[in-house]
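S.K.: From the sequence below, what's the structure:
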Amino acid sequence: MAPAPEVDFAEYVSPAFHHFERRDLTVNRTQAITVGVIGVYVVVIALLWNIPYVKNVLWPFKMLTIAFHEFGHALAAVLTGGKVESIELNPNEGGVTHMRGGKQFFTLPAGYLGSSLIGGLLVFCGFNIVASKVASIVLGVCFLLTLWWARKDWLTIVTIILATGLLVGMWFVNSGLGLRFVVLFIGVMSSLYSVWDIADDLIIHKINSSDASVFAKRYGGSSRCWGLIWAFVSICFLAAAIVAGLAVFRQDFAQQKQDSDDFIPTR
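M.R.: Model prediction:
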């Protein structure tokens, strides 16, 4: 039997390493603008969050991120063998997912972590127009699932319809460039909402019925400890999304518009 040919593993591995070496994190002008916009969003959201009356401007987006939160609970329930009865949103910036079964070890943190993961993915996609279009399509599928689970709750239905209308409308703004920055805003809002909501529930108002409090009672530890862990994970999702966006999407605005017109033209 003829000896098997020798395979030079380095021959296959070396090009891959060179590929990653070329993907440095040097920030170009388009990326710098995107990161700057993210910073502005963070500051604006933080200010609006705490200014009386003016903070009502954020209310529609808060309701949307709460819908993401409840969607996280619902999806975790389904994935762990449970059944979702309904989703309800409260005008006072609250929400509840009625479910039977499922593993609470996964369903309880899935609200905060799910919404922050969605936020991180949206921030990542917000670095590129085509990626933002894809993200909006995926969001549409998530919205359909949420509408099915919340088909008896008018506030959830209205929130989803308005969000869908906003995303669809932005497809037609400057070859989808408007959609890119809306997706980015929703992503930042959803990522940071988890952090601020955890702080509000566990540090400022100390709500005993929060997800972290229920998790601590069932599995041990303190609600603040679990809340801080979930908040840290949420921040990591956001940071990872920004780094990944810088590494993957390096096209300038002109190239992104051209790619967008080739993907699904809207003009």
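S.K.: now the helices for the stretch 1-150 of the chain?
M.R.: Using DSSP state H, counting those that start in this stretch, the helices of the stretch 1-150 of the chain run over 9-22, 29-50, 59-79, 104-125, 129-149.
S.K.: same question for the second one, mean pLDDT?
M.R.: Per-residue pLDDT over helix 29-50 has a mean of 91.
S.K.: Was I right to think A67 contacts I157?
M.R.: No: applying CB atoms under 8 Å as the test, A67 and I157 come out as separate, 10.3 Å apart. (Glycine included, C-beta is placed from N, CA and C.)
S.K.: okay, and the common contacts of these two?
M.R.: A150 (CB atoms under 8 Å, 6 or more residues apart in numbering).
S.K.: Quickly note the distance from the closest residue to V84 other than its chain neighbours to A135.
M.R.: Nearest non-adjacent residue to V84, counting by CB to CB, 6 or more residues apart in numbering: A74, 4.5 Å away. Between A74 and A135 the computed distance is 20 Å (CB to CB, to the nearest Å).
S.K.: which one of the helices of the stretch 1-150 of the chain lies closest to S190?
M.R.: helix 104-125 (3.1 Å; CB to CB).
S.K.: contacting residues for the residue nearest to V84?
M.R.: Contacts of A74 by CB under 8 Å, 6+ apart are V84, I87, T97, M99, L145, T146, W149.
S.K.: can you pull the contacts of the fourth one?
M.R.: It refers to M99. M99 is in contact with H73, A74, A77, G82, K83, V84, E85, T107, counting by CB under 8 Å, 6+ apart.
S.K.: before we move on, what about the last one?
M.R.: Applying CB under 8 Å, 6+ apart to W149 gives the contacts A74, V84, S86, I87, T97.
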